[in-house]
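Asker: what follows is a protein structure lacking sequence information:
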């Protein structure tokens, strides 16, 4: 026995969270929050995304973020890149951990990058080929469970798309993403078990979930039960849509840390420091927040009957 | 195979939820909401509690509620009774399904009924003996996981208290209650597995959970995984403490129905009608609500990147 079980949390608030916030967050504020999260024990973070500045002005400061995190040697910073062209820019800016993203749903992928999924596979293959020896890759497979346009995604469609992706490289961490929060625990278990069984050569699997329907933690638990040990989460449950008050964001990092702490799983993260960071994030103008632990901790105890 | 898996939901909003609301809810409003929940497919409900009217003025209309639900023959209505004296009153009012409650934590039980747990066991035994042949009993074991005064409850303490309780009667449904919401999925699995193993003669086990730290659905999933099929929940996640804005209430019924529907488990409940009821409940003056599905359904879809 090597000791307690461990879980690896990838904090995606600075990317998936911040991009949902309308008012521009000053770059020094972003860097200070990234530092605060890192000081709470976060060791992996999706810190920004290289996308069109006109499409997503909030992340137009990606090069400055990459430069700033380069001064945090113990932080594994990954940046999202939707195409090989964006990957080139990210690598040129000094990023050494890229998150490619493509969508199982053709309509969703067309909306994001004006390519069919198979066109994105070709682009991804090109991206893999251009990676320097000192860089690493994570692949986010969006709409692996459900698509906002076409609804539930068939498991076989995910497995079929994984074939050429895994053929391009197995030395990649692949995140199956519940983009809409519609996934349920049975679906999560089924897909991860099938994917790991079909593609045992993949370096690692991760789960990226949203808490839209209150199943954020339950879906993480379901993935944990079938052996998944890497989870995306956003501090304060950031990531909601400004046009849909109920469509909440990523599962809250502090809720997951609370759960794993209580289950005796090592997270390496200081919950109280993380909650302090979550409170700071929740005060950002325009932030759509979620999660429970941030509010529950510090609230006066109430003596319920049962 | 007898078809799809089934789950039994016990709606506790009219008891555990309403008791947390300060402003008195008019009795006809309560009855209308009970009827609306029943029309949504709810077949079991904790509709009220017989307690001291001075301690809990909100539930002083218990006899009127019992009389009203007697006119709903397809609703299995249970009423909470903390002592045999209250059980007498409930039976006299016509209630035929009682929920006894006692607490594993001595300090919590003393606070509720000024008895030690063993004194409550004696009282419970008396209650079992007074039950008419046409009545049935459910036992709520409060603080089975955690106590607001003393923290985590040891599994062995729960099992030890169950010994005389099960000896009093095994023809009882026993709910292990996460009173504070501090339970985690590993603890839930461990306790239910141990209890069912030690006391196979018990008619049925149920789980009563709160969503204080965002683990409401995850803990239900954990109990489901070890064979539990009866769950308490409150519409709109009612049950928070008016003095602690973050200390949210029971797991939201509509969130559980969403989860089980998506997992292919039969609930017998119409989600849209239930959400309509949840919205009505959320508008009660003084209501502390939670859950996600009520807000997420009907919100404009947002096209997230991953």
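Answerer: Sure, I can see it. Just so it is clear, the structure is predicted and the values come from calculations on it, not from any experiment.

Asker: which residue, other than its chain neighbours, is closest to whichever residue of the stretch 51-200 of chain A sits closest to chain B?
Answerer: Using Cβ to the nearest Cβ, the point where the stretch 51-200 of chain A gets nearest to chain B is residue A:184, with a distance of 3.6 Å. (C-beta placed from N, C-alpha, C; glycine too.) Of all residues beyond its chain neighbours, the one nearest residue A:184 is residue B:262 (3.6 Å), with distances taken as Cβ to Cβ, 6 or more residues apart in numbering or on different chains.

Asker: same check on residue A:95?
Answerer: In space, residue A:95 comes closest to residue A:79 once its chain neighbours are excluded; the distance is 4.6 Å by Cβ to Cβ, 6+ apart.

Asker: helix or strand for the one you found, which one?
Answerer: In this structure, residue A:79 is located in strand A:76-81 according to DSSP states H and E.

Asker: just to revisit the earlier point, wait, the residue nearest to residue A:95 touches residue A:94, no?
Answerer: No - the pair formed by residue A:79 and residue A:94 falls short of the contact definition of Cβ atoms under 8 Å, at 9.9 Å.

Asker: touching both of the two, which residues are there?
Answerer: By the contact definition Cβ atoms under 8 Å, 6 or more residues apart in numbering or on different chains, residue A:79 and residue A:94 are jointly contacted by residue A:66.

Asker: what number of residues lie near residue A:77?
Answerer: Around residue A:77 there are 21 other residues, counting by other Cβ atoms under 10 Å in any protein chain shown.

Asker: what helices or strands is the host helix or strand of residue A:156 leaning on?
Answerer: With elements taken from DSSP H and E, the one containing residue A:156 is helix A:155-168. Contact analysis of helix A:155-168 by 3 or more Cβ pairs under 8 Å, 6 or more residues apart in numbering or on different chains; DSSP states H and E lists helix A:117-129, strand A:136-142, strand A:173-177, helix A:185-198 as its packing neighbours.

Asker: in that helix, what counts as buried?
Answerer: A:158-159, A:161-162, A:165-166, A:168 (16 or more other Cβ atoms under 10 Å in any protein chain shown).

Asker: who's in contact with it?
Answerer: Outside helix A:155-168, the residues that reach it (Cβ under 8 Å, 6+ apart) are A:104, A:117-118, A:121, A:124-125, A:128, A:139, A:141, A:144, A:174, A:176, A:187, A:190-191, A:194-195, A:198-199, A:201-202.

Asker: chain B next: which of those are close?
Answerer: residue A:187 (Cβ under 8 Å from any Cβ of the partner chain).

Asker: need the buried ones from the contacts of helix A:155-168 selected in PyMOL.
Answerer: In PyMOL, the members of those classed as buried (16+ other Cβ under 10 Å) are selected with the following command:
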select buried, chain A and resi 104+117+121+124+128+139+141+144+174+176+187+191+194+195+199+202
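
Asker: quick one: contacts for the residue lying closest to residue A:169 once chain neighbours are set aside?
Answerer: For residue A:169, the nearest residue in space outside its immediate sequence neighbours is residue A:128; the separation is 4.7 Å by Cβ to Cβ, 6+ apart. Remark: with contacts taken as Cβ under 8 Å, 6+ apart, residue A:128 is in contact with A:137, A:168-169, A:172.

Asker: from residue A:182, how far out is the residue positioned nearest the centre of chain A?
Answerer: Within chain A, the residue whose C-alpha comes closest to the C-alpha centroid is residue A:232; the distance, by Cα atoms, centre = their mean, is 3.9 Å. From residue A:232 across to residue A:182, the span is 16 Å (Cβ to Cβ, to the nearest Å).

Asker: do residue A:227 as well
Answerer: Distance, residue A:227 to residue A:182, using Cβ to Cβ: 23 Å.

Asker: do the same with residue A:134
Answerer: With distances taken as Cβ to Cβ, residue A:134 is found 38 Å from residue A:182.

Asker: so between the two, which is more surrounded?
Answerer: More neighbours sit around residue A:182 than around the other of residue A:134 and residue A:182, counting by other Cβ under 10 Å; the figures are 22 against 6.

Asker: give me the nearest residue to the more buried one, chain neighbours excluded.
Answerer: Here the residue nearest residue A:182, using Cβ to Cβ, 6+ apart, is residue A:146, at 3.6 Å.

Asker: ditto for residue A:38
Answerer: With sequence-adjacent residues excluded and distances taken as Cβ to Cβ, 6+ apart, residue A:38 is closest to residue A:75, at 5.0 Å.

Asker: so what's the residue count around the one you found?
Answerer: Other residues lying near residue A:75 total 18 when counted by other Cβ under 10 Å.

Asker: would you mind measuring from it to residue A:37?
Answerer: Spatial separation of residue A:75 from residue A:37 under the definition Cβ to Cβ is 9 Å.

Asker: quick check: neighbours shared by the two?
Answerer: Contact criterion Cβ under 8 Å, 6+ apart; residues shared by residue A:75 and residue A:37: residue A:45.

Asker: so what's residue A:40 up against?
Answerer: Counting by Cβ under 8 Å, 6+ apart, residue A:40 makes contact with A:269-270, A:273-274, A:276-277.

Asker: and the pLDDT for it?
Answerer: Residue A:40 is assigned a predicted lDDT (pLDDT) of 98.

Asker: just the one 5 residues further on next, same as before
Answerer: Per-residue pLDDT puts residue A:45 at 98.

Asker: circling back to that earlier point, the residue nearest to residue A:38 against residue A:41, yeah?
Answerer: No - using Cβ under 8 Å, residue A:75 is not in contact with residue A:41; the gap is 10.8 Å.

Asker: how about the secondary structure of residue A:131?
Answerer: Three-state secondary structure (criterion: DSSP: H, G, I helix; E, B strand; the rest coil) places residue A:131 in coil.

Asker: can you pull up the bridge partners for the closest residue in space to it that isn't next to it in sequence?
Answerer: Distances taken as Cβ to Cβ, 6+ apart put residue A:137 closest to residue A:131, at 6.1 Å, once the chain neighbours are dropped. In this entry, residue A:137 is beta-bridged to residue A:98, by DSSP bridges.
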